[in-house]
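Engineer: return atomic coordinates for the entry below.
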Amino acid sequence: VVQRLLDLYRQRSTDVLHVADESLHAVMQNLDPSRCFASLEQVIATQEGPVLCQALKLVRVVFSRMPSRELLDSLPRLVPRLTVTFASSDASIRRATMYCFVELHELLGDNFAPYSNMLSKMQRKLVTIYLERRETQK
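Structural biologist: Residues are numbered from 1 along each chain as shown. The predicted structure follows:
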């Protein structure tokens with residue numbers, strides 16, 4: 001179901017995209033987060049363009065629903081993939097990836113530190129800036 005809904009992001013119709021967006025958010029909020037994460041992890045590893053960008057946005061919703069231990073256990077597989085998407089030529093994919101790192105850092109705190117070292121100095125600085133912005137907005 002997740003893959004079929006994400007495939008709709010190849011369309012240009014705003015009506016279709018709006019319905020797909022609402023449907024995907026409902027799925028992410030109501031289905032088992034582990035299953036949602038597994039589906040999105042596959043998409044992040046294999047897709048590009050608007051489908052990848054939407055999967056990166058949705059995985060943040062799932063992060064907050066996952067138990068911390070499960071999220072930590074997924075990092076050795078996930079972070080290398082995210083470092084690749086962080087280097088994308090597509091600005092929207094880089095931005096969505098950066099927000100993934102911000103969310104992971106916020107949810108896991110110091111437990112995320114070893115994984116943030118996989119980022120370049122500039123990428124770490126960008127994540128830090130967005131973390132600080134998020135803190136000041138609270």
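Engineer: for Arg77, which non-adjacent residue is spatially closest?
Structural biologist: Of all residues not flanking Arg77 in the chain, Glu41 sits nearest, at 6.9 Å (Cβ to Cβ, 6 or more residues apart in numbering). (Glycine included, C-beta is placed from N, CA and C.)
Engineer: the one you found: which element?
Structural biologist: Using DSSP states H and E, Glu41 sits in helix 33-46.
Engineer: pull out the buried positions in stretch 49-60.
Structural biologist: Using 16 or more other Cβ atoms under 10 Å as the test for burial, stretch 49-60 gives 50-60.
Engineer: turn those into CSV, including pLDDT and distance to Ser34.
Structural biologist: Converted to CSV, the buried residues of stretch 49-60 look like this (pLDDT from 0 to 100; distance: Cβ to Cβ, whole Å):
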residue, pLDDT, distance to Ser34
Pro50, 91, 25
Val51, 91, 21
Leu52, 95, 21
Cys53, 93, 23
Gln54, 93, 20
Ala55, 94, 16
Leu56, 96, 18
Lys57, 94, 19
Leu58, 93, 14
Val59, 95, 12
Arg60, 93, 16
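Engineer: which one among those residues gets closest to Ser120?
Structural biologist: Leu56 (18.3 Å; Cβ to Cβ).
Engineer: neighbours of the closest residue to the closest one other than its chain neighbours, how many?
Structural biologist: Nearest residue to Leu56, sequence neighbours excluded (Cβ to Cβ, 6+ apart): Ala96, at 3.7 Å. Using other Cβ atoms under 10 Å, Ala96 has 23 neighbouring residues.
Engineer: thinking again about what came up before, list the buried residues of the helix holding Glu41.
Structural biologist: Buried residues in helix 33-46, counted by 16+ other Cβ under 10 Å: 33, 36-37, 39-41, 43-44.
Engineer: got it, and stretch 101-108?
Structural biologist: By neighbour count with 16+ other Cβ under 10 Å, stretch 101-108 contains the buried residues 101-105, 107-108.
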